[in-house]
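J.: Provided below for reference: sequence and predicted model.
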Amino acid sequence: MTQDILTKHIELNTFLKVVCIANTGGMAKLIIRSGKVKVNAEVETRNKRKLHEGDTVEFDGKKYIVDEKLLR
């Protein structure tokens, strides 16, 4: 038996581009790997980290909350 679970998410690297922190995927990758990005108050270094509605992303002293409109 298979079960389809539809989970809406956005990857961290894509989120950084959407909120204009990074202009390109390569730039997003460098920012994430630098250790300067926090997700839910913890340093995150995985580019493809899945973000869900309500997650908080911090960078350069600013906080961004993942909104349902950004999820797919």
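T.: Arrived safely, thanks for sending. Numbering: from 1, shown residues only.
J.: Report how many residues lie close to Gly35.
T.: By the criterion of other Cβ atoms under 10 Å, Gly35 has 10 neighbours. Bear in mind the C-beta positions are built from the backbone N, C-alpha and C, glycine included.
J.: Pretty sure it sits against Thr45.
T.: Yes. At 6.0 Å, Gly35 and Thr45 qualify as touching, with contact defined as Cβ atoms under 8 Å.
J.: Quick check: phi and psi at the residue nearest to Val18 when sequence neighbours are not counted.
T.: Nearest residue to Val18, sequence neighbours excluded (Cβ to Cβ, 6 or more residues apart in numbering): Leu70, at 6.0 Å. With angles defined as degrees, to the nearest 10, Leu70 sits at phi -90, psi -10.
J.: Leu70 and Thr56, how far apart?
T.: Using Cβ to Cβ, to the nearest Å, Leu70 is found at 13 Å from Thr56.
J.: Just want the phi and psi numbers for Met27.
T.: The phi/psi pair for Met27 (degrees, to the nearest 10) is phi -70, psi -40.
J.: And the pLDDT at it?
T.: Note for Met27: predicted pLDDT of 97.
J.: measure the spatially most central residue of the chain to Val43 for me?
T.: By Cα atoms, centre = their mean, the mean C-alpha position of the chain lies nearest to Leu12, the distance being 2.3 Å. Leu12 sits 12 Å away from Val43, going by Cβ to Cβ.
J.: picking that back up, what separation is there between the residue nearest to Val18 and Val57?
T.: Leu70 sits 11 Å away from Val57, taking Cβ to Cβ as the criterion.
J.: Who has more neighbours out of those two?
T.: Legend: neighbour count by other Cβ under 10 Å for Leu70 and Val57, higher for Val57 (21 against 17).
J.: before we move on, which element is that one in?
T.: strand 56-59 (DSSP states H and E).
J.: Thanks a lot, catch you later.
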